[in-house]
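Chemist: Let's see this in three dimensions:
(one chain, ligands or ions: 2)
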Amino acid sequence: MGYTEVYEAWQKDPEAFWMDAAQAIDWDRPPSKALFDENAPMYEWFSDGMVNACWNAVDRHVEAGRGHQTAVIYDSPVTHTKREIPYFELRNRVANLAGALRAKGVEKGDRVIIYMPMVPEALEAMLACARLGAVHSVVFGGFAAHELAVRIDDAKPKCIIAASCGIEPGRIVHYKPLLDGAIEQASHKPDFCVIFQREQEVAHLEEGRDYNWHGFQYGVQPADCVPVEGNHPAYILYTSGTTGQPKGVVRSTGGHLVALHWTMKNVYNVKPGEVFWAASDVGWVVGHSFICYGPLVHGNTTVVFEGKPVGTPDAGTFWRVIEEHKVKSFFTAPTAFRAVKREDPKGELVREYDLSNLSAVFLAGERADPDTITWAQDQLGVPVIDHWWQTELGYPAVCNPVGIELLPVKLGSPSVPLPGYAMKILDDDGNELPKGELGAVVTPLPLPPGTLQTLWNAEDRFRKSYLEHFPGYYETGDAGYLDDDGYLYIMARTDDVINVAGHRLSTGAMEEVLAAHPDVAECAVIGVADALKGQLPLGFLCLNAGSEKAEADVIRECVAMVRDQIGPVAAFKLACVVDRLPKTRSGKILRATMVKIADGEPFKIPATIDDPAILDEIADALRTLGFAAAD
Ligand code: COA
Ligand code: AMP
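Modeler: Ligands and ions are numbered 1, 2, ... in the order given. As a prediction, this is how the structure comes out:
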């Protein structure tokens, strides 16, 4: 079947389509139906089935006689380590860790925060939670103690599993002091912590609270898989919203397994046994879906890569890993290719490696600019597929479905909706816009299996953020348009979320930090275009009347505060002091206009602006920062 037939099969009978896909999963009790719409618009999938995610990702492959196949390849240029873990060994390691967690009281439904770098033990921690039906919440290592504390207070974990350190090129990231600081700041305290001590740094353990990863597992009874209901939360993953309080996306178990299994073949075009590599981090949704669960549930070999596209040791690292581990399908962010292209524009390093196993490359996380796609296609000689999705959705929603059929590639578009989605473009009043016109990107409810079920502790916020503005639809938060062939083009966000090096960040969260500086009266953070990272945050600071501190000192302190409170991943390094911020007469800061000025794009002075002269002051401030600001 081609794309049209598959898509029509879903349109004609979604229930049958997803029940058919569900057969690829081992159920302890098969679901009686796919969609549970009794509480619409709070839809659920496979709720009355009983299933275990770890069984499906690990044990069943061992039972099927494939225990000696490599499950995880750990390739760490920053520690000069390589290791392969076969499925049977992964099963034993995960069962032991789960047994040790259970012995300390972790049960189905308990939350466990995982704060670890790109080591196989991070996947083992996730899978051990899944084995017990505990709900994990992985926090990206580039977030600082305060962000970790916010997540501890929201998720209220019984246990935190962390590593002693992470390794960034040229520096050790001391995780343990960050963890200790976060626990001190948080009102909720975990019962205990498990620390994976790395040889690069052995952390101090607090007596009675912290256990060593190895000693803690000694002599325990390995745990079996605990079957959970299809709608039981598999994990909470926090992502940036408009405010400093991140949104805890809740993924339920049954739909997640069905959708990821379907995607591995139909999107990524891999067969069980083949090697799939997503060069991302377990702290992001890509890491959850396509480093951990997707490839393992489908019986692939997954690569855990601890390194960067450049500098570890050079821009040929990606190609070395692809050759050495015979990667069939590779997923990364456009920013990573831009970094490689900048160091090796002619692809000289590409030609040093045998990439004959590679069949396709997938890009997501931010807009894939045509230059980057063309460069990658020319260098690699395989289809380079832009695809669109979000933390909330959990797996590709709009894509060129290579595993079904390679459709014509249109540069600048992630292509067409997959089964489960029917993207529409609406104006602010909810009217559907004609082809080619820019508006809010939405898709009709119910969302397909595997997408977010709700927000943790925040059902009202879930409804407000995604369901209420356009009743009957899920609001993506992106703006875009459709062309005559139904290809989607994503142009911008409709909220204050920015995308820095493929990392989703909230300008609102940065503003909250800046506003706490004693000399700052008012502030605004916008995302400005950057050739490498796609966007960079830039802060405008208005100082209190009578502030005596030098502007340069306030800026320096503000930059340090964002790094300290949110983390280095915010990449907040640009700020300037201005007298006033441009606002509408009702007091709304005109951030979108400031972005256009900074990016040198033409803009119209908004009719509702309070004082247009302020825009000139903004342009002047931007010029002093080196921007060729638009007038
Ligand atoms: N733990 C601690 N710190 C981290 C971190 C982690 N896991 N990840 C990043 N950081 C730090 C970096 O060291 C850097 O710190 P610095 O300000 O001291 O230099 C800062 O956060 C910003 O990191 P990053 O945005 O990664 O920038 P970079 O300059 O180090 O690297 C790229 C640039 C393009 C090579 C890099 O951003 C990259 O590989 N991007 C791909 C992103 C990706 O895969 N996203 C997943 C979505 S699919
Ligand atoms: P995240 O939740 O971190 O995956 O970020 C999701 C957001 O990243 C989307 O809402 C888009 O704004 C952006 N995004 C992801 N993939 C793409 C893509 N292929 N093209 C354009 N924007 C993308």
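
Chemist: Close to ligand 1: what parts of this protein are there?
Modeler: 117, 141-142, 166, 168, 173, 279-281, 284, 286, 308-310, 332-333, 335-336, 339, 364-365, 501-503, 568-569, 571 (CB under 6 Å from any ligand atom). Yep, even glycine has a C-beta here, placed from its N, CA and C like the rest.

Chemist: Please, a ChimeraX command that selects the buried ones among the residues you listed?
Modeler: Applied in ChimeraX, the following selects the buried portion of the residues of the chain next to ligand 1 according to 16 or more other CB atoms under 10 Å:
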select :117,141,142,166,173,279,280,281,284,286,308,309,310,332,333,335,336,339,364,365,501,502,503,568,569,571
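
Chemist: First-to-last residue distance for stretch 492-505?
Modeler: 14 Å (CA to CA, to the nearest Å).

Chemist: now swap in stretch 28-44 and tell me
Modeler: End-to-end for stretch 28-44, by CA to CA: 19 Å.

Chemist: Which of the residues of the chain next to ligand 1 fall in helices?
Modeler: Among those, DSSP state H puts 286, 335-336, 339 in helices.

Chemist: Tell me the one of those nearest ligand 2?
Modeler: Closest approach between these and ligand 2, by CB to the nearest ligand atom: V286, at 7.2 Å.

Chemist: So is stretch 258-275 next to ligand 2?
Modeler: No: using CB under 6 Å from any ligand atom, stretch 258-275 stays clear of ligand 2, with a minimum separation of 12.7 Å.

Chemist: Need the residues that contact the helix or strand containing I195.
Modeler: Following DSSP states H and E, the helix or strand that holds I195 is strand 192-196. Here strand 192-196 makes contact (CB atoms under 8 Å, 6 or more residues apart in numbering) with 100-101, 104, 116, 119, 121, 125, 158-164, 176, 179, 183, 203, 205-206, 209-213, 216.

Chemist: next helix or strand past that strand?
Modeler: strand 210-212.

Chemist: what helices or strands is that next one leaning on?
Modeler: strand 192-196 (3 or more CB pairs under 8 Å, 6 or more residues apart in numbering; DSSP states H and E).

Chemist: Provide the strand pairings for the strand it packs on, with the direction of each partner.
Modeler: Strands that pair with strand 192-196, judged by DSSP bridges, come out as strand 159-163 (parallel), strand 210-212 (parallel).

Chemist: ok now it, how far from the chain's centre?
Modeler: Centre-to-centre, strand 192-196 and its host chain are 24 Å apart (CA atoms, centre = their mean, to the nearest Å).

Chemist: cool, and stretch 177-196?
Modeler: 23 Å.

Chemist: Check stretch 600-614 too.
Modeler: 34 Å.

Chemist: host element of H261?
Modeler: Going by DSSP H and E, H261 is in helix 253-266.

Chemist: name the helices or strands packed onto that helix?
Modeler: By 3+ CB pairs under 8 Å, 6+ apart, helix 253-266 packs against helix 14-22, strand 44-45, strand 50-51, helix 53-54, strand 228-229, strand 233-239, helix 294-297.

Chemist: Could I get those in a markdown table, plus columns for mean neighbour count, mean pLDDT and distance to E459?
Modeler: Below are the helices and strands packed on helix 253-266 laid out as a markdown table (neighbours: other CB atoms under 10 Å; pLDDT from 0 to 100; distance: least, CB to CB, whole Å):
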| stretch | mean neighbour count | mean pLDDT | distance to E459 |
| --- | --- | --- | --- |
| helix 14-22 | 18 | 98 | 24 |
| strand 44-45 | 26 | 98 | 13 |
| strand 50-51 | 22 | 98 | 24 |
| helix 53-54 | 28 | 98 | 23 |
| strand 228-229 | 22 | 98 | 18 |
| strand 233-239 | 25 | 97 | 13 |
| helix 294-297 | 28 | 98 | 27 |
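
Chemist: any chance of these in TSV, plus distance to ligand 2?
Modeler: Output for the helices and strands packed on helix 253-266, formatted as TSV (distance: least, CB to the nearest ligand atom, whole Å):
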stretch	distance to ligand 2
helix 14-22	23
strand 44-45	20
strand 50-51	25
helix 53-54	21
strand 228-229	25
strand 233-239	5
helix 294-297	15
